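Chemist: show me how the following folds:
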Amino acid sequence: MRNVFQGIIRASSFFRKEIFEILRQPRLIATLVAGPFLILLIFGIGYRGQGRTLRTLIVAQADSPVPAQDIQEYGKSMAAQFTYAGVTGNQAEALDQLKRGQVDLVIVEPRDITSTLRNNQRAVFSLYHNEIDPVQVSYITYLGWVFAGEINQQVLRSFVEQGQADTGDLRANLQQAHQNVSAMRLAVQSGDEALARQKQQALSSNVNAVSTAAGVSLGLLDNLLESQSANKNNAAPVRSTLNDLRQNTSLLSDSPGSSNERLARLDKIDKNVTDLDGKLTEFQSIDASIIVSPFRSETKSVANVQPSISDFYAPAVLALLLQHLAVTFAALSIVRERNVGTMELFRVSPLSAAEALFGKYISYMLFGGVIAAILSALLVFALRMPMQGNWWSFTLVIAAVLFTSLGIGFAISIISQTDSQAVQYSMIILLASVFFSGFIMSLDMLWEPVRVISWMLPTTYGTLLLRDIALRGAAPNWALLGGLVAIGLVLMLLSWRLMRRLISSSQ
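Modeler: So this is what the prediction gives:
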């Protein structure tokens, strides 16, 4: 028991030594605390969550059925993405402007649109750019897809508007048919066969005119009503009504029958005309843009909070900073002891490798904890990062990140011969954390074998755990937290063995 107490006394001597070593560098401490806070503050102020606006030049084809001015008109809904720089018929000149940086995008109208469509092929708008950034290339590719979709919608809308305009002529024939039905009913009731035959011929002409001119209008209306009909047995209601109208009109002409039968047939025809006129009236009342694009999307979240981009990245910045701080200080610690000759004192003293390492762990854990508390307070109370979860869980994750990061740092420090080597190794860990920890991109975007590197970095665990606690209000994922602590214990054991070998080799 006495040996244990003496070991604790010897290990605690490192606390004062390491803390004073750090406090002798106030500028370094200020940089470590204020630097990341200012970076996150400037990033949150300067970030704009929208893509850039591209200066766009359109190359028009001389034989195109779609004028370039119409294309600009069609693309008005994309004004936030495109700033139109004009229209030209010279593609080579347009591409030359693109290479000189005078425009950002050149849209070339398809050639021979009519013949291309007749050959059952899509006409292609070609979007030329001068970007080498893969993200910007993907952005322009996406804009091209949206632009083509917008053009398609506008073309379809013009077809629908034309169909709705044609519907006016159809309704005029239907109103005349309705008048002829009424006049023929009166003629039949009064026994005026000559007038009845005259009105019957006029009615037949009206029905034939409607059947001939129906075309696109009734087809569009049928598709619209079919999609809205809950009973699929009532498919094609407009075509069915028109067929009934034609059939009843034909029967009235071919098999007149008695006066009562003719009147009954006229009642059916009148009902067909009324139904058809009502459906055409409904078709005309619907906005063409609604028919072309009847659906829209609306995203809804069940999360407790919708963080801003700076709030979302704040836990990742905190985890990355604490890892780098712990790795760097620990990596320089033992190298510095070896360079100043302190290792020689360890060799002749009763201090063991475990006691020395334990003292350093405690010192840097306390120092890292103070820095973490200051940064967390700045994030929550100054930058207004949401804190939905439990502070004790948040603190537990930070302690685990510091513990594991110190293990990496001590392992680096023991295998490094100089300060420069230790700093270089620390920078490699930092770069790996930036690219593989999910700091820049989601882990799902990494190839599965590469994710092995991700799960070896404390920042990966810290980012996921701190985000869930702070932004979702969730309890810690104990599997992730256990994995992080397990890595830290393995690294501590490795550091202890290396430290013991280092002290033994110096004897």
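
Chemist: state the three-state secondary structure for Ala422.
Modeler: Following DSSP: H, G, I helix; E, B strand; the rest coil, we place Ala422 in the helix state.

Chemist: please parse this protein into its domains.
Modeler: 2-46+309-505, 54-130, 167-292 (automatic domain parsing).

Chemist: now mean pLDDT and distance to Tyr142 too, for those, in a markdown table please.
Modeler: Using the backbone N, CA and C atoms, a C-beta is placed for each residue, glycine as well. Output for the domains of the chain, formatted as a markdown table (pLDDT from 0 to 100; distance: least, Cβ to Cβ, whole Å):
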| stretch | mean pLDDT | distance to Tyr142 |
| --- | --- | --- |
| domain 2-46+309-505 | 82 | 16 |
| domain 54-130 | 80 | 10 |
| domain 167-292 | 73 | 21 |
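
Chemist: and of these, who's closest to Val146?
Modeler: Of all the domains of the chain, it is domain 54-130 that lies closest to Val146, at 6.8 Å by Cβ to Cβ.

Chemist: on that earlier part again, TSV for the domains of the chain, including mean neighbour count and distance to Val155?
Modeler: Formatted as TSV, the domains of the chain follow (neighbours: other Cβ atoms under 10 Å; distance: least, Cβ to Cβ, whole Å):
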stretch	mean neighbour count	distance to Val155
domain 2-46+309-505	18	36
domain 54-130	15	8
domain 167-292	17	9
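
Chemist: make TSV out of those domains and add distance to Phe159.
Modeler: Formatted as TSV, the domains of the chain follow (distance: least, Cβ to Cβ, whole Å):
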stretch	distance to Phe159
domain 2-46+309-505	41
domain 54-130	13
domain 167-292	7
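
Chemist: out of these, nearest to Gln154?
Modeler: Ranking those by their distance to Gln154 (criterion: Cβ to Cβ) puts domain 54-130 first, at 4.1 Å.

Chemist: distance from that closest one to the middle of the chain?
Modeler: 27 Å (Cα atoms, centre = their mean, to the nearest Å).

Chemist: helices of the stretch 351-500 of the chain, start to end?
Modeler: 353-377, 391-415, 419-436, 451-454, 458-467, 478-505 (DSSP state H, counting those that start in this stretch).

Chemist: just the angle between the first one and helix 391-415, please?
Modeler: Same thing as helix 353-377. 130 degrees (axes from the mean of the first three to the mean of the last three Cα atoms, to 10 degrees).

Chemist: and helix 353-377, how far out from the chain's middle?
Modeler: Centroid separation for helix 353-377 versus its chain: 39 Å, with Cα atoms, centre = their mean.

Chemist: one more: the last one?
Modeler: Here the centre of helix 478-505 is set off from its chain's centre by 40 Å, with Cα atoms, centre = their mean.

Chemist: please apply the same query to the third one.
Modeler: From the chain centre to the centre of helix 419-436 is a distance of 31 Å (Cα atoms, centre = their mean).

Chemist: I'd like to know which elements that helix is packed against.
Modeler: On a contact count with 3 or more Cβ pairs under 8 Å, 6 or more residues apart in numbering; DSSP states H and E, helix 419-436 meets helix 309-340, helix 391-415, helix 451-454, helix 458-467.

Chemist: and Asp267, which of the ones you listed is closest to it?
Modeler: Between the helices and strands packed on helix 419-436, helix 309-340 lies closest to Asp267; by Cβ to Cβ that is 68.1 Å.

Chemist: the stretch 51-200 of the chain: strands as residue ranges?
Modeler: 54-59, 82-88, 105-108, 126-128 (DSSP state E, counting those that start in this stretch).

Chemist: would you list those strands in a markdown table and tack on distance to Ser376?
Modeler: Below are the strands of the stretch 51-200 of the chain laid out as a markdown table (distance: least, Cβ to Cβ, whole Å):
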| stretch | distance to Ser376 |
| --- | --- |
| strand 54-59 | 41 |
| strand 82-88 | 43 |
| strand 105-108 | 44 |
| strand 126-128 | 46 |
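
Chemist: for Leu105, find the nearest of the helices of the stretch 351-500 of the chain.
Modeler: Ranking these by distance to Leu105, with Cβ to Cβ as the measure, places helix 419-436 first at 30.0 Å.

Chemist: with just CA atoms, put the closest one into CSV.
Modeler: C-alpha atoms of helix 419-436 as CSV (Å, rounded to 0.1, in the frame of the first residue of the first chain):
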residue,chain,number,x,y,z
ASP,A,419,10.6,17.7,-32.3
SER,A,420,10.3,18.0,-36.0
GLN,A,421,9.4,14.4,-36.4
ALA,A,422,6.8,14.6,-33.7
VAL,A,423,5.2,17.6,-35.3
GLN,A,424,5.2,16.0,-38.8
TYR,A,425,3.5,12.9,-37.4
SER,A,426,1.0,15.0,-35.6
MET,A,427,0.2,16.9,-38.9
ILE,A,428,-0.3,13.6,-40.7
ILE,A,429,-2.9,12.6,-38.0
LEU,A,430,-4.5,16.0,-38.4
LEU,A,431,-4.7,15.7,-42.2
ALA,A,432,-6.1,12.1,-42.0
SER,A,433,-8.7,13.4,-39.5
VAL,A,434,-9.8,16.2,-41.8
PHE,A,435,-10.3,13.9,-44.8
PHE,A,436,-11.4,10.6,-43.2
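
Chemist: run through who's touching that helix.
Modeler: 320, 323-324, 327-328, 331-332, 335-336, 339, 408-409, 412-413, 416, 439-440, 446, 450-451, 453-454, 457, 459-460 (Cβ atoms under 8 Å, 6 or more residues apart in numbering).

Chemist: which single helix of this protein contains the most residues?
Modeler: The helix that spans the most residues within the chain, counting by DSSP state H, is helix 134-190.

Chemist: so Ala377 versus Trp391, what's the distance?
Modeler: Applying Cβ to Cβ, to the nearest Å, one obtains 11 Å for the distance of Ala377 from Trp391.

Chemist: still on that earlier bit, for Trp478, find the nearest of the strands of the stretch 51-200 of the chain.
Modeler: strand 54-59 (48.1 Å).

Chemist: what sits up against that closest one?
Modeler: Contacts of strand 54-59 (Cβ under 8 Å, 6+ apart): 68, 71-72, 81-91, 94, 97-98, 102-109, 140, 143.

Chemist: strands paired with it, and their directions?
Modeler: Sheet neighbours of strand 54-59, with direction, are listed as strand 82-88 (parallel), strand 105-108 (parallel) (DSSP bridges).

Chemist: CA atoms only: put the longest one into CSV for me.
Modeler: Translated: strand 82-88. Once non-C-alpha atoms are left out, strand 82-88 reads as follows in CSV (Å, rounded to 0.1, in the frame of the first residue of the first chain):
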residue,chain,number,x,y,z
PHE,A,82,-28.1,31.7,-64.6
THR,A,83,-27.4,35.3,-65.6
TYR,A,84,-27.9,35.4,-69.3
ALA,A,85,-25.1,37.2,-71.1
GLY,A,86,-26.8,37.2,-74.5
VAL,A,87,-27.5,35.1,-77.6
THR,A,88,-25.1,34.3,-80.5
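
Chemist: quick one on the thing from earlier: mind checking which of the strands of the stretch 51-200 of the chain is nearest Gly278?
Modeler: That would be, of those and by Cβ to Cβ, strand 82-88, which comes in at 42.4 Å.

Chemist: isn't Val106 right up against Leu98?
Modeler: Yes: contact between Val106 and Leu98 holds when scored by Cβ atoms under 8 Å: they sit 5.1 Å apart.
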